[in-house]
Each structure stands twice: as structure tokens, then as C-alpha cells.
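Q: Fold the following, please.
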Amino acid sequence: MTGVVNSICRSVALMALALPGWADEKPVFEVQQARFVLEETLLLLDSKISIELPDYISIAIDQGFAVPLSFEVEILETRKYWFDRKVISLKQQYLLHYLPMLDSYVISDINNSQRHYFDSRKEAVNSLKVIYRYPMLDIGNINRDLSVYARMRFGLDVEELPLPLKSSSLWDKDWGLQSEWFPWEIDRTQP
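A: Numbering: from 1, shown residues only. You can find the predicted model right below:
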């Protein structure tokens, strides 16, 4: 019986080394800071994100695939005796891709229909790491009687992956990469 247990333990240990996310490695995406700044009645998002793209994602970008990225912001009502309730959910989508004819990397802001061009993939990724005063919503859309907080996450938008990457993602690589949710309190009394 001991031999079977040892064999199972060895198998699990080998699987842990082979599967992404099992080993103690740095997360691909991590929201390090996030907060709202209130400007009149508009909530503006400030955030800092750590992004460490794995090699297989960098290769896909360099081969011309548009890799979809997004950040999600949710406002939730704190409930005492039940799960917190989602009040508002917002999603900002980007596409990161390479244009070989221009020899430049492009970040397309899907929500604003804007494009930003960069000389290197590193510069393009670095531009996504800091979000400064991004307009999110009017604070009047949040009922003042509710006890609410916000949370944010950043990652690959799996629903928007190009079909060739979706089909290869079943076995080869982990394309469902997201940061953990980063929560913070909403200050409604800012000047």
C-alpha cells in the first residue's frame, strides 16, 4: 500500500511541475494598486498592474495574432447575511498585436476606438501597466444608501481569443490567465 501512495505522490508532484499555475511562480497579471478619484460626480480609475507575459503569448503576438486583454471593474454591495451583490460591472477591452509592415506593436482600445503604436512589445505592454484617470462612471449611478466597495482584475479576455489560439489552448498552454480581484473602498467624500 505504501508503494502505491508513494507512486501517486510522485505523479502528483510531476504534474504540479508540468501544469501552469501549480508551481510557485510569479503571477502573469497582478493588480498592485487601484482606486477611484472623484472629479465632480465622475469616478476616474487610477491603477498599477504588473504584467509578465509568458513566452507563448509573446510568440503569438510576434506571429501576428491579436491578443485580447481586458480589465474589469465591479462595484459590489456588502451584505451581512448573504453573498455580496454585484451592482455595476464595467469592462475595458484592448487588443495587442504586431504589424510587420509598419514594424510596430499596436494597442487598440476597443471601447474608445483608439490605436496607440509602439516600437517594441515591451513598450506596448508597459503602456498597459499604469491606468491614470480613466473615466468609469457617474457616482450618481450608485445608490447612496448602499454599502459598496469596488474591485478590479486584469487579464486575457478568453472569450475574444482568435480561433486558432482557442483551439490550441485546450491542451498546449494556459490562455485563461487573470489576476486575482483587487478590492478597495469607494470614497464618496473626496473634494
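Q: Tell me if F65 really is in a strand.
A: No - under DSSP: H, G, I helix; E, B strand; the rest coil, F65 sits outside any strand and is assigned coil.
Q: What degree of burial does the closest residue to it other than its chain neighbours show, as a neighbour count?
A: Spatial nearest neighbour of F65, excluding adjacent residues (Cβ to Cβ, 6 or more residues apart in numbering): P162 at 5.4 Å. Backbone N, C-alpha and C define where each C-beta goes, glycine included. By other Cβ atoms under 10 Å, 15 other residues sit near P162.
Q: quick one, phi/psi of P162?
A: Here is the backbone geometry of P162 (degrees, to the nearest 10): phi -60, psi 150.
Q: so it touches I61, yeah?
A: No - under the criterion of Cβ atoms under 8 Å, P162 makes no contact with I61, lying 11.2 Å away.
Q: Where does pLDDT dip in the chain?
A: For the chain, applying pLDDT under 70 flags the ranges 1-25, 167-173, 189-191.
Q: which stretches of it form strands?
A: Using DSSP state E, the strands found in the chain span residues 29-39, 42-51, 67-77, 85-99, 104-109, 114-118, 130-138, 148-156, 182-185.
Q: any chance of those in a markdown table, with distance to A124 and mean neighbour count too?
A: What follows is the strands of the chain, written out as a markdown table (distance: least, Cβ to Cβ, whole Å; neighbours: other Cβ atoms under 10 Å):
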| stretch | distance to A124 | mean neighbour count |
| --- | --- | --- |
| strand 29-39 | 15 | 17 |
| strand 42-51 | 10 | 18 |
| strand 67-77 | 10 | 21 |
| strand 85-99 | 6 | 16 |
| strand 104-109 | 4 | 17 |
| strand 114-118 | 4 | 13 |
| strand 130-138 | 13 | 14 |
| strand 148-156 | 15 | 21 |
| strand 182-185 | 23 | 15 |
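Q: For W175, find the nearest of those strands.
A: Closest to W175 of these is strand 148-156 (Cβ to Cβ; 5.9 Å).
Q: Contacts for the closest one next, please.
A: 28-29, 31, 34, 36, 45, 47, 49, 51, 57, 67-78, 87, 142, 175-186 (Cβ atoms under 8 Å, 6 or more residues apart in numbering).
Q: Distance from it to the middle of the chain?
A: Centroid separation for strand 148-156 versus its chain: 8 Å, with Cα atoms, centre = their mean, to the nearest Å.
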